[in-house]
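A structural model of the following input is requested.
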Amino acid sequence: MTTAAVDVVPVYRMSPHPGPESELTMTARCMDGGCGWESEPTPQPGSGAAGCASHTAATGHTTFAVCLEYIALVTTEAVGELGE
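Numbering: from 1, shown residues only. Alright, predicted model coming up:
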């Protein structure tokens, strides 16, 4: 009798860090040719989107690179080990 090899794959869990330093930060930059417009970093995605809309209204530029960033905790506990 032969047995097939079994691959063990670790389970990684990611959740937002609960500390005060973990606020969401949004940034955006215009991707239209040589335009150098960038938004100020903001914890409010709505105001970041409004900045993009204002830039579009003023210039006609419609393409932006948007980044949402936050601190996350990553653990290797298997599903169910956290009391879920």
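
what are the bridge partners for the residue most central in space within the chain, then?
For the chain, residue 68 is the residue whose C-alpha lies nearest the centre (CA atoms, centre = their mean; 3.9 Å). In this entry, residue 68 is beta-bridged to residue 26, by DSSP bridges.

Settle this for me: it is touching residue 43, isn't it.
No. Look at residue 68 against residue 43 with CB atoms under 8 Å: they stay out of range, at 10.5 Å. (C-beta placed from N, C-alpha, C; glycine too.)

quick one: common contacting residues for these two?
Common neighbours of residue 68 and residue 43, using CB atoms under 8 Å, 6 or more residues apart in numbering, are 24-26.

Show me which of the residues you listed is closest to residue 73.
residue 24 (14.9 Å; CB to CB).

Of the shared contacts of residue 68 and residue 43, keep whichever come out buried.
25-26 (16 or more other CB atoms under 10 Å).

Reformat the shared contacts of residue 68 and residue 43 as TSV; add distance to residue 4 and pLDDT.
As requested, these are exported to TSV (distance: CB to CB, whole Å; pLDDT from 0 to 100):
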residue	distance to residue 4	pLDDT
24	44	83
25	46	89
26	47	92
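
Mind putting the shared contacts of residue 68 and residue 43 into a markdown table with distance to residue 32?
Putting the shared contacts of residue 68 and residue 43 into a markdown table (distance: CB to CB, whole Å) gives the following:
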| residue | distance to residue 32 |
| --- | --- |
| 24 | 26 |
| 25 | 23 |
| 26 | 19 |
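
pLDDT at the residue nearest to the centre of the chain, what is it?
Model confidence at residue 68, given as pLDDT, is 89.

Neighbours of residue 62, how many?
11 (other CB atoms under 10 Å).

Give me the nearest residue to it, chain neighbours excluded.
What sits nearest to residue 62 in space, not counting adjacent residues and going by CB to CB, 6 or more residues apart in numbering, is residue 56, at 5.7 Å.

what about that neighbour, helix or strand, and which?
helix 45-59 (DSSP states H and E).

measure the residue nearest to residue 62 to residue 75 for me?
For residue 56, the distance to residue 75 equals 41 Å [CB to CB, to the nearest Å].

neighbour count winner among these two?
A direct count of neighbours by other CB under 10 Å for residue 56 and residue 75 places residue 56 higher, at 15 against 12.

Lovely, talk soon.
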